[in-house]
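Novice: Task: produce atomic coordinates for the following.
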Amino acid sequence: MQPIVVLHLAFAVAALALGVVVLARRKGTPSHKILGRTWALLMAAVALSSFLIFEIRQGAGPSLVHLLSVWTLISLACAVYFIRSGNVRAHKGFMIGTFLGLAGAGAGALAPGRALYAFFFA
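Specialist: Predicted structure coming up:
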């Protein structure tokens with residue numbers, strides 16, 4: 001597996017684990033804010049590192065999957081904007097949606113023919 005894929009996977013696994021913790025804990029506390037910021041940075045790292053991975057098109061450039069990374073960055077920016085403007089409901093929606101997108105992308109990465117499938121099952 002390419003080093004960038006390993007790094008991307010490490011960021012994603014860390015974000016998935018931390019995301020579960022953040023979602024399970026009480027909201028609005030100082031620790032929620034610190035863990036949430038850490039999670040958002042991990043998610044940004046996941047999205048940005050994905051732009052260096054061209055596995056699906058065998059090195060021929062970005063694929064449609066990269067649109068999820070673009071949306072992730074937009075979603076994170078919206079979540080930050082909404083919490084800073086006091087709209088907790090919209091913030092919560094964007095954060096939960098981004099977490100579910102991460103989980104869905106992880107499940108999709110386990111599809112036959114993908115690097116994670118080969119890593120775990122081949």
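Novice: so where is this protein shaky, pLDDT-wise?
Specialist: 55-63 (pLDDT under 70).
Novice: A45 versus L67, what's the distance?
Specialist: Going from L67 to A45 by CB to CB, to the nearest Å gives 18 Å. C-beta: built from backbone N, CA, C; applies to glycine.
Novice: So those two - more neighbours on which side?
Specialist: Set side by side, L67 and A45 give different neighbour counts by other CB atoms under 10 Å, the larger being at A45 (17 against 10).
Novice: who's in contact with that one?
Specialist: Neighbour list for A45: 11, 15 [criterion: CB atoms under 8 Å, 6 or more residues apart in numbering].
Novice: which stretch of helix or strand covers P112?
Specialist: Following DSSP states H and E, there is no helix or strand that holds P112.
Novice: so which strand or helix has H32?
Specialist: helix 30-50.
Novice: Just the helices from this protein, written as ranges.
Specialist: With helices called from DSSP state H, the chain shows them at 3-24, 30-50, 66-84, 88-109, 115-121.
Novice: List the buried residues for the third one?
Specialist: So that's helix 66-84. Buried residues in helix 66-84, counting neighbours by 16 or more other CB atoms under 10 Å, are found at 66, 68-69, 72, 75-76, 78-80, 82-83.
Novice: ok, so of those, who is nearest A15?
Specialist: Nearest to A15 out of those is T72 (CB to CB; 10.1 Å).
Novice: State the distance from that closest one to A111.
Specialist: Separation of T72 from A111 (CB to CB): 19 Å.
Novice: likewise V5?
Specialist: Here the criterion is CB to CB. By it, V5 lies 15 Å from A111.
Novice: So for the two, which sits in the more crowded spot?
Specialist: V5 (18 against 9).
Novice: Just confirm the more buried one contacts A109, I think it does.
Specialist: No. Using CB atoms under 8 Å, V5 makes no contact with A109, being 9.7 Å away.
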